[in-house]
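**Student:** I need the structure of the sequence given here:
(one chain, ligands or ions: 2)
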Amino acid sequence: MTDCLFCKILAGEVPSEKVYEDEHLFAFKDIYPKAPYHVLIIPKKHIATLNDLGDDDTELAGRMIQAAKHLAKEAGFADDGYRVVMNCGEGGGQIIFHMHLHLMGGRTFKA
Ligand code: AMP
Ligand code: ZN
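**Tutor:** Ligands and ions are numbered 1, 2, ... in the order given. Predicted coordinates:
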C-alpha cells in the first residue's frame with residue numbers, strides 16, 4: 001500500500017518512535033498523544049479497517065491485544081488500568097486506514 005502512512009512507517013519511509021516489533025506487529029508512539037503514554041499497535045500486514053479483518057486474521061488480532069497487555073505491563077500501568085481503543089471507519093473516528101490499536105495509559109480515563 002504505497003499510499004498508506006502506516007505502511008510507510010513500516011517501510012521506514014516515514015520516521016516513528018518504535019516501542020515494539022516482532023514478525024507480525026509494529027508499535028510506535030502516537031504523534032499527538034492523548035495520554036502520557038499513547039502507542040499505536042499495527043499489524044505489518046495492511047488491513048484497512050476492522051471490517052476488512054479476515055477469518056484467517058483472528059490470530060493476528062489476538063496478537064495485537066496480547067501486545068497491548070505486555071506493553072502496559074512493561075510501561076508500569078497495567079495494575080492501575082489503561083485504555084485500548086480501535087476506531088473503525090470515518091464514523092468511528094478512524095483517520096488512518098491501516099488498522100491499529102491505541103494503547104493509552106498514565107492517567108485516569110473517565111467514560
Ligand atoms: P485513528 O483516528 O484511530 O485513525 O488514529 C490515528 C492516530 O494516528 C492519531 O491518534 C494520530 O495522532 C496518529 N498519527 C497520525 N500520523 C502519525 C505519525 N506520523 N506518527 C505517529 N502517529 C501518527
Ligand atoms: Zn498500510
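
**Student:** output the longest strand belonging to the chain.
**Tutor:** Ranked by residue count, the top strand of the chain under DSSP state E comes out as strand 37-43.

**Student:** so that one, near ligand 2 or not?
**Tutor:** No. Contact between strand 37-43 and ligand 2 is absent, the nearest approach being 7.8 Å (criterion: CB under 5 Å from the ion). (C-beta placed from N, C-alpha, C; glycine too.)

**Student:** and the helix or strand just after that strand, which residues are buried?
**Tutor:** Moving toward the C-terminus from strand 37-43, the next helix or strand (DSSP states H and E) is helix 58-75. Across helix 58-75, burial judged by 16 or more other CB atoms under 10 Å covers 60, 61, 63, 64, 67, 68, 71, 72, 75.

**Student:** with distance to ligand 1 and pLDDT added, can I get those residues in CSV?
**Tutor:** Shown next, in CSV, are the buried residues of helix 58-75 (distance: CB to the nearest ligand atom, whole Å; pLDDT from 0 to 100):
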residue, distance to ligand 1, pLDDT
60, 18, 98
61, 16, 98
63, 19, 98
64, 13, 98
67, 16, 98
68, 14, 98
71, 15, 98
72, 17, 98
75, 17, 98
